[in-house]
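Undergrad: Turn this into a model:
(2 chains)
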There are 2 protein chains.
Amino acid sequence: MKPDHLPTFTVEPWVVREPRLDLDAMGQTESVFALSNGHIGLRGNLDEGEPHVLPGTYLNSFYEVRPLPYAEGGYGYPESGQTIINTTNGKLIRLLVDDEPFDLRYGTLHRHERVLDMQAGTLNREVEWESPAGRRVRVRSTRMVSLTQRAVAAISYEVELVSNGNDGSGAAGDAALLVLQSELVANEQLPGRDADDPRLDTALDNVLEPEQSRAGDAGATLVHRTRKSELRCGAAMEHEVFGPDGVQVSTDANEDLARTTVIARVKPGQSLRVVKYLAYGWSSRRSLPAVYDQVRAAIAAARYTGWDGLVAEQRDYLDDFWATADVEIDGDAELQQAVRLATFHILQAGARAERRCIPAKGLTADGYDGHTFWDTETFCLQVLSFVAPEAAADALRWRKSILPLAFERAETLGLKGAAFPWRTIRGHECSGYWPAGTAAFHINADIADAVKRHVHATGDTKFELEVGLELLVATARLWRSLGSHDSAGNFRIDGVTGPDEYSSIADNNVYTNLMAQQNLRYAAEVAAKHPRSASRLGVDSEEIASWRDAAGAMFIPFDERLGVHPQSEGFTDHQRWNFEETPAERYPLLLNYPYFDLYRKQVIKQADLVLAMQIFPEAFTEEQKRRNFAYYEAITVRDSSLSACTQSVMAARTGHLELAHQYLAEAALVDLQDLAGNTDHGMHIASMAGTWTAVVLGFGGMRCEADGLSFAPVLPASLSRISFGLKWQGRRIRVSITPEETEYRLTDGAPMRLRHHGEPIALDDEGPATAPTPTPEWVEPVEQPHGRAPRVRG
Amino acid sequence: MKPDHLPTFTVEPWVVREPRLDLDAMGQTESVFALSNGHIGLRGNLDEGEPHVLPGTYLNSFYEVRPLPYAEGGYGYPESGQTIINTTNGKLIRLLVDDEPFDLRYGTLHRHERVLDMQAGTLNREVEWESPAGRRVRVRSTRMVSLTQRAVAAISYEVELVSNGNDGSGAAGDAALLVLQSELVANEQLPGRDADDPRLDTALDNVLEPEQSRAGDAGATLVHRTRKSELRCGAAMEHEVFGPDGVQVSTDANEDLARTTVIARVKPGQSLRVVKYLAYGWSSRRSLPAVYDQVRAAIAAARYTGWDGLVAEQRDYLDDFWATADVEIDGDAELQQAVRLATFHILQAGARAERRCIPAKGLTADGYDGHTFWDTETFCLQVLSFVAPEAAADALRWRKSILPLAFERAETLGLKGAAFPWRTIRGHECSGYWPAGTAAFHINADIADAVKRHVHATGDTKFELEVGLELLVATARLWRSLGSHDSAGNFRIDGVTGPDEYSSIADNNVYTNLMAQQNLRYAAEVAAKHPRSASRLGVDSEEIASWRDAAGAMFIPFDERLGVHPQSEGFTDHQRWNFEETPAERYPLLLNYPYFDLYRKQVIKQADLVLAMQIFPEAFTEEQKRRNFAYYEAITVRDSSLSACTQSVMAARTGHLELAHQYLAEAALVDLQDLAGNTDHGMHIASMAGTWTAVVLGFGGMRCEADGLSFAPVLPASLSRISFGLKWQGRRIRVSITPEETEYRLTDGAPMRLRHHGEPIALDDEGPATAPTPTPEWVEPVEQPHGRAPRVRG
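TA: Just a heads-up that it's a prediction; the model follows:
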């Protein structure tokens, strides 16, 4: 967490406003203000490029290959990894005022405000700056990455000469010469990173080989290719210029730089405005002319639409999105803003990823090398299937597209079916530490779980057959070969790593076994439902029976003595971590203690057994849920941002409503308040998604199963109202919870039934249905490890 | 194993003879013929240097630093490693015969024999070679590394011109011009290694920085320094020349090369002989002049002794050694030879290491980077304490000398006491894979075990106090902090790796827990015996009590259902490896299957629980020993050369005498027959040591405890007699086992008592005592995994 200083952002419902430039928080604001549509990602760098913490322009799945070294190698270790690269920067617009470069580090900054407008989908900036020579300008820029035109971004940049009333300055009142340089820059030099943090990786320099550069009158195109991964990227820009008479526009380009220069002499009160259209495209297969033409076509479409058109499309798109997805929180303004920012970034990460991966940081920075993990299925798709189902379907279609690599990986590992990569960009396993990579097989069941959830959320049987079936068969086969029956007939899965990364290579992880059980059962169900398609995948009734048998015999360890489920077999026999003697500055523990010590003690980085309870409430009695929750609360340190949201859900479901509120706030505020101290490495997309999940699955008590949709709403005394919406099988529903009653409203689609705390409710377009919200009951408080309770906010 | 061809070596009792040059086995013969005294090691390269597989000249602990890279780093990972380096090569003697270089790859080789003479301690070579031009020479060389003068090696090299009777050659009968070039060469280029094998590491090139080179008339000195580790090494040579009149000798030297050239015109029947004296020295602290003088002094001493003197000293030393250490095997000539080679190499590895480490490959090659592991204490010192106790004491003094680094390492790991490195040269942890490095804490108890064994073997109470006490206190403290009491009061040691490297990070490894128990108890005993010294180490009676308590409460898991001890808690619940479907070519498994799969299944690389039974016979009932042995036999694949010897011991003790014989042969023949296919990377020193152990602890049933020495001899029907000797508390004893009786003879020292199968026997200088050898009884046969039974020899 940062040292105390003025808050970086103001608290407002629909915007994130930085009212004054906060240089200390620049890495954070670059991430929070990042704009993306899931295909293009532009970090919130200043228009003029400097100062910066990390310049960033990303294209989904545009990566370079780098070697993965090992002090001692091993069979099956991946030899090379993939790293997202900072591609051609088209955000840059430099300004000179009478030869003086506009740079916030020089001159006088009278005003600097940036506003992320989540309804407009734009980043707006207003600056009033006085040059060292006394020239005062007002700069207004608006930046957008189009959600409607996937290959397009655009910037409106306006400079107004201000009469600064400084009569002592000889220049006051006179016209000033303004020069705008709008650029495309490839192979930007990147700052070094902290090499001591194993979670970060070094960036790659000069990775783009120039292939073509062409300049027109008011625009240019650069095409580059990565050296080792051999991916081709095109970037194009065009400009519309609005200014006083005599404005001149010219463009030049060389290998790594294209520059459109706009020059005008401007009088006080006059302004010069440039609209910059940007287009990006990349391909591993298409030829140089094809990629070139592709970006020129995109930019032509953008110009055809025009700035006002792009802005209008963006707002329409977002109006429609928010109509479903908006979560309203009454009684906690800070949380209200954070929940909207979270929802906005989830949309940005997934909206137009279109059969490519959704990275853990979205396209907001290069943290984790730009890799995607289980975060996608378990956290992001939990939201997207209910608010942007096409984006969720596409993410799973991407998984299906990498099945050939997952088959290969399984074979390398001596397993049947598919073994999906723990971390990857394009499908190849890029994990260089197998106990927390290869061994975390649960990712395969997480994918199956996402398929099941998506099918139940959408009722899309075509998707189930065309995308789901093969994923389910491939993952069921993995589990059948990974587990084995012991002499007592139990089906065991030994030597794997569950979600909690402070344990590793353990037997019968409850989460993993329950997920595998569901995977096997659901694969059996879907295969039996589509026998001909299943048969084409080589599935026969013997194999289906073997899945059902394994699922039925799945071993779920239970510690009778303590009356709780061990996270994995034997876990509750281990020594408890000495939390009392662990000083605050030694968190996160993985940076200050060896894995060996973390692994062999009872200390939990992130919800594991608790996540199992979230996903499989019927696998635990209410008594077990309460006992398990209390037990794991006491040893969970939340060194992962993937934890608070799940703890919030289970806190809500076990009656700890204020605690659930605190965990929800932690999940929602992780980046807005930089709680993990690493927002500069990118937004915590899973935590953003978990924010929605905490509201809807926790307080809303939503469940979506084969037998329909149900809710079990509860409301903490600290909030006066929660309202959220979702899509379900072609309908739109909005649920509003007040202390007295919960209102269910069908805003679109055919009549339907749902359950409220088990009671059936019918919904149609006649108006909302209501049912009483239960009054919270007192429950025995739970405790967190010394110093690790969630923050109680002011 | 190599493809079938003529045996490389003949079977003879006291020599290892290569009767003809076996180019396919050159890497193996370089290792088998390596000469060493524990300080200097010279691989068995040809005098003329080429052809070779790996040129090798090593000095104990003379290493370079190299970075240890990680694809994903972690807290406490060592950042740099240590690699033994090939230092200045002084073995080289090149020969030109009438301008034709003597090279076995050209001309005609009429005869080529090499003989390692284990009684003389020399490597002898005889060659008859005809040059492409028809000149025939006979070359006889004898090489030695002095066991009496630690810094000295010497070579006698003689060339005789043979009348080849080839009258067609104009040269026949005429004198020939012979040129001998005797060299010191630094920074030899090394061949590349197989990078796919994670057990190997790349060598380092040009690692020696020249500091000084000086040539005399018939000798020279080179001093170099390593770049990063900053160790200084001096190498010197001097020559004595015996030849016909007119022989000329000259020497020149530059930075990386010194060369003494001897030229003579020799007639048929005449010969030219050179004696080359070599001296080596290195230091991390001594100045250039000091190191220079040190090697000049050593070479002066060698010349003073003279060739005949060095040869005589060497034989005296070895006569004395063999008088104690010789193991006689009647009825298996192949094994007899192998056992002597094993004993010889153990002596070579340890004799003069003198407070430096004993590497896993001795000084015979650079395998495992020249590192030392637990092999030293558990395998080598088991022999050395009984046949060369001063060498054993020095090895433990080395451990004591690296205690400061072990204290530091423990602190890094958050532990008390000392954490000795899993692999190292100079004491720094060099393991780049923590699950099989840091987690293998048993090495600390292995050191304590070696201390206990050594004290009991020698009765050296001064050693116990001066060396043992601090090692015992430091390791006991480690165990006390590594383990913890569970709620039932058991003392558990979780998340560690035992000897078997096909399991990792498991709870309550039986071997580790028994070893820790002994470590704690013995530390308590010795500390209580020396209260004032213990007090100076901060030990009080509370701490001693806490060691005793932990030892008393030590948890030893047992599987009641199967009636066997699990290797670690839960091990016997795991799936068995599918041995039936594992083809022979996929062994060793670690090169063909991922760790994750090996770790989670019942498959054992090397004796672990079985080793626990060897060391702690009283911790298991006879029934448990039989059941455990059979159980683990069926799942042990012996992918480690550290296994067969231990299996031999426990096979002998559980009545499987023929199996014990087969395992003994496998341990003994591992290098002589290159059974692991990697003898070119160095001799398997632990397996060599295990050979002695299998004879003495297995067939001899020897135990050496605080209450004295005991034997329980048995003899397989396939052998007619076994005889071995040992030193015990200042005495020398020889034990000879025949099917009828066992003879005990006190060859030196005061009268003593021992036990024979539990019955007391008194020994004095009046003559041997005898007792009946029990007749072997039939026992239920045990089975090994499919295809992994020990080889039944012809």
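Undergrad: how about the longest helix along chain A: buried residues?
TA: In chain A, taking DSSP state H as the definition, the longest helix is helix A:288-325. Of the residues in helix A:288-325, those with enough neighbours to count as buried (16 or more other CB atoms under 10 Å in any protein chain shown) are A:291-292, A:294-296, A:298-299, A:301-303, A:305, A:307, A:310-311, A:313-315, A:317-318, A:321-322, A:324-325. The C-beta positions use only the backbone N, C-alpha and C, and glycine is treated the same way.
Undergrad: After it, heading C-terminal, what element do we hit next?
TA: Next helix or strand after helix A:288-325 toward the C-terminus (DSSP states H and E): strand A:328-330.
Undergrad: Keep only the buried residues of helix A:288-325 that also lie close to chain B.
TA: With the criterion set as CB under 8 Å from any CB of the partner chain, no member of the buried residues of helix A:288-325 is near chain B.
Undergrad: so where do the helices sit in the stretch 1-150 of chain A?
TA: Taking DSSP state H, counting those that start in this stretch, the helices of the stretch 1-150 of chain A run over residues A:26-32.
Undergrad: Can you pull out the low-pLDDT segments for it?
TA: A:1-5 (pLDDT under 70).
Undergrad: now with 50?
TA: Applying pLDDT under 50 to the stretch 1-150 of chain A picks out residues A:1-3.
Undergrad: Which positions in it make contact with chain B?
TA: A:68, A:69, A:70, A:71, A:72, A:73, A:74, A:75, A:76, A:77, A:78, A:81.
Undergrad: roughly how far out does the longest helix of chain A sit from the chain middle?
TA: 22 Å (CA atoms, centre = their mean, to the nearest Å).
Undergrad: The closest residue to residue A:718 other than its chain neighbours: which element?
TA: Spatial nearest neighbour of residue A:718, chain neighbours left out: residue A:661 (5.4 Å); criterion: CB to CB, 6 or more residues apart in numbering or on different chains. For residue A:661, the enclosing helix or strand under DSSP H and E is helix A:657-669.
Undergrad: Residue A:593 is in contact with residue A:637, isn't it?
TA: No - assessed by CB atoms under 8 Å, residue A:593 is found out of contact with residue A:637, at 11.1 Å.
Undergrad: The helix holding residue A:661 packs against which elements?
TA: helix A:333-350, helix A:644-653, helix A:685-693 (3 or more CB pairs under 8 Å, 6 or more residues apart in numbering or on different chains; DSSP states H and E).
Undergrad: thinking again about what came up before, nearest to chain B, of the residues of the stretch 1-150 of chain A next to chain B?
TA: Nearest to chain B out of those is residue A:71 (CB to the nearest CB; 2.2 Å).
Undergrad: Tell me where the stretch 1-150 of chain A has strands.
TA: A:15-18, A:35-36, A:40-42, A:57-59, A:63-67, A:80-84, A:93-97, A:100-101, A:108-117, A:122-130, A:136-145 (DSSP state E, counting those that start in this stretch).
Undergrad: Of those strands, which stretch is the most buried?
TA: strand A:40-42 (a mean of 27; mean count of other CB atoms under 10 Å in any protein chain shown).
Undergrad: Distance check, residue A:772 against chain B.
TA: 44 Å (CB to the nearest CB, to the nearest Å).
Undergrad: Residue A:652 versus the closest residue in space to that residue that isn't next to it in sequence, what's the distance?
TA: Leaving out its chain neighbours, the residue that sits closest to residue A:772 by CB to CB, 6+ apart is residue A:741, at 5.4 Å. According to CB to CB, to the nearest Å, residue A:741 stands 18 Å off from residue A:652.
Undergrad: Ok, residue A:298 next?
TA: From residue A:298 to residue A:652 the distance is 45 Å (CB to CB).
Undergrad: same question, residue A:681
TA: Taken as CB to CB, the span from residue A:681 to residue A:652 is 30 Å.
Undergrad: Comparing the two, which residue is more hemmed in?
TA: residue A:652 (28 against 24; other CB atoms under 10 Å in any protein chain shown).
Undergrad: Please look at the more buried one and residue A:693 and confirm they touch.
TA: No - checked against CB under 8 Å, the pair residue A:652 and residue A:693 is beyond contact range at 10.8 Å.
Undergrad: Of all the residues in stretch A:566-582, which ones are buried?
TA: A:566-575, A:577, A:579, A:582.
Undergrad: Can you get me the start-to-end distance on that stretch?
TA: Counting by CA to CA, to the nearest Å, you get 24 Å between the two ends of stretch A:566-582.
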